[in-house]
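A.B. asks: Quick one, fold the following:
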Amino acid sequence: MFEKTGFRTSGLKHIPLKTALEGIVNAEFQTVEFCLEHPEASLSTIELAGRMGLGISSVSYHGKRDGPVTRLKFGKRAIRMAAESMVDVVVLGSPLRDRENFLREATDLYDMCCRLGVKPAWETEPDTVLDGIDEFNMHIVPLGPLAGINLDAGHLHLQERCTVENIKVLGDRIFHVHVEGMSRSEHTHLIPDKGNMVWQDLFSGLAQARYGGSLTIDLFDLPADWRGYLQRANIALNTRINYYKHHQILC
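C.D. replies: Residues are numbered from 1 along each chain as shown. Now for the predicted structure:
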C-alpha cells in the first residue's frame, strides 16, 4: 500500500503543461492528476504523460466558483476524457452554494460515469456544498454503490475528522486521495512536513479501508523555484510514509 505518490496539475496551471510534467517526473512522482483547471489539459497531453512514464491517477474538475451550466459542461468533459484515456477515476468538487443545482448535476454525472465505466470521486471541502463527510454521506452515497469520495486529508484535518475511525468507515468508497500538510487553524495547503496533521492516523485509516491507490499531493501558489518545491514535497511525503511503514514493522 502507498507505493505511489503523485501531484496535481492544477497547482501548475500557469506553467506550460509539458514543462510541468517534466518537473513532476524529475521530482520522482509516479502518478499525476490531470486537472481541467490547467488550460492545456487534453487527451494528447494525457498521452504525453504516459509516454513520460507517469501513471494517470485521475482526471479532475472542481470549479467551486463556476455556475451550474459551466460546472455540468466541464464535469462531463472530465468524465469523457477519463473514459477515452482509460483512466479509472474522475475527481469532482462541489460549488460554494446552490445545493439544488449541485444535486441535479451530481445525479447527471453519476449516471454518465456508470454508462462509461468511470468511477466518480467527489471531494469534500469546507465551505462548499460538500462541506465534509456528513454532507458526502447525505448527498453522494444515496446516488448508488459506485459513488465514491476523493479523500482530502487536510480538509478532514481542518474539521477534526482525519481519524482512523472516520477514514476506515468510508471503506471502498475511497477512490482517490489528496494529501498535504495542514494546520488546523488555517486552510492553507503546505508541504507534508509542515502543519500539525497526525499522519499515522491518516495512514492507519487508509490501510484499514484497504486503499491501495496513489497519494496525490495537492499544493498551489507555488514559489518561483517550483521544481525544487515539488522535490521537497515528495521527499517529505515519502519520509512520512516510510516512518509509518517502519513503525508498523516494529509493532
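A.B. asks: Show me where the stretch 1-150 of the chain dips below the pLDDT cut-off.
C.D. replies: For the stretch 1-150 of the chain, no stretch is flagged by pLDDT under 70.
A.B. asks: now the strands for it?
C.D. replies: Assigned by DSSP state E, counting those that start in this stretch, the stretch 1-150 of the chain shows strands spanning 5-8, 31-35, 55-61, 89-92, 119-123, 148-152.
A.B. asks: what angle sits between the third one and strand 119-123?
C.D. replies: The reference is to strand 55-61. Here the directions of strand 55-61 and strand 119-123 differ by 60 degrees (axes from the mean of the first three to the mean of the last three Cα atoms, to 10 degrees).
A.B. asks: just to revisit the earlier point, most packed of the strands of the stretch 1-150 of the chain?
C.D. replies: Mean neighbours per residue, mean count of other Cβ atoms under 10 Å, is largest over these for strand 89-92, with a mean of 28. Glycine gets a C-beta too; all of them are placed from N, C-alpha and C.
A.B. asks: That strand packs against which elements?
C.D. replies: For strand 89-92, the elements it packs on are strand 55-61, helix 68-84, helix 99-116, strand 119-123, strand 148-152, strand 174-179, judged by 3 or more Cβ pairs under 8 Å, 6 or more residues apart in numbering; DSSP states H and E.
A.B. asks: Adding distance to Glu22, write those out as TSV.
C.D. replies: Shown next, in TSV, are the helices and strands packed on strand 89-92 (distance: least, Cβ to Cβ, whole Å):
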stretch	distance to Glu22
strand 55-61	16
helix 68-84	21
helix 99-116	30
strand 119-123	27
strand 148-152	26
strand 174-179	22
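A.B. asks: Out of the ones you listed, which gets nearest to Glu40?
C.D. replies: Among the helices and strands packed on strand 89-92, helix 68-84 comes nearest to Glu40, with 12.6 Å by Cβ to Cβ.
A.B. asks: How far away from the center of its chain is that closest one?
C.D. replies: Taking Cα atoms, centre = their mean, to the nearest Å, the mean C-alpha location of helix 68-84 is offset from the chain mean by 16 Å.
A.B. asks: one step back: how about the strands of the stretch 1-150 of the chain in JSON lines, adding distance to Tyr229?
C.D. replies: Shown next, in JSON lines, are the strands of the stretch 1-150 of the chain (distance: least, Cβ to Cβ, whole Å):
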{"stretch": "strand 5-8", "distance to Tyr229": "10"}
{"stretch": "strand 31-35", "distance to Tyr229": "16"}
{"stretch": "strand 55-61", "distance to Tyr229": "20"}
{"stretch": "strand 89-92", "distance to Tyr229": "22"}
{"stretch": "strand 119-123", "distance to Tyr229": "22"}
{"stretch": "strand 148-152", "distance to Tyr229": "19"}
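A.B. asks: still on that earlier bit, which of the helices and strands packed on strand 89-92 sits closest to Leu43?
C.D. replies: Among the helices and strands packed on strand 89-92, the nearest to Leu43 by Cβ to Cβ is helix 68-84 (6.0 Å).
A.B. asks: Now do the closest one: which elements does it pack against?
C.D. replies: Helix 68-84 sits against helix 43-51, strand 55-61, strand 89-92, helix 99-116, with contacts defined as 3+ Cβ pairs under 8 Å, 6+ apart.
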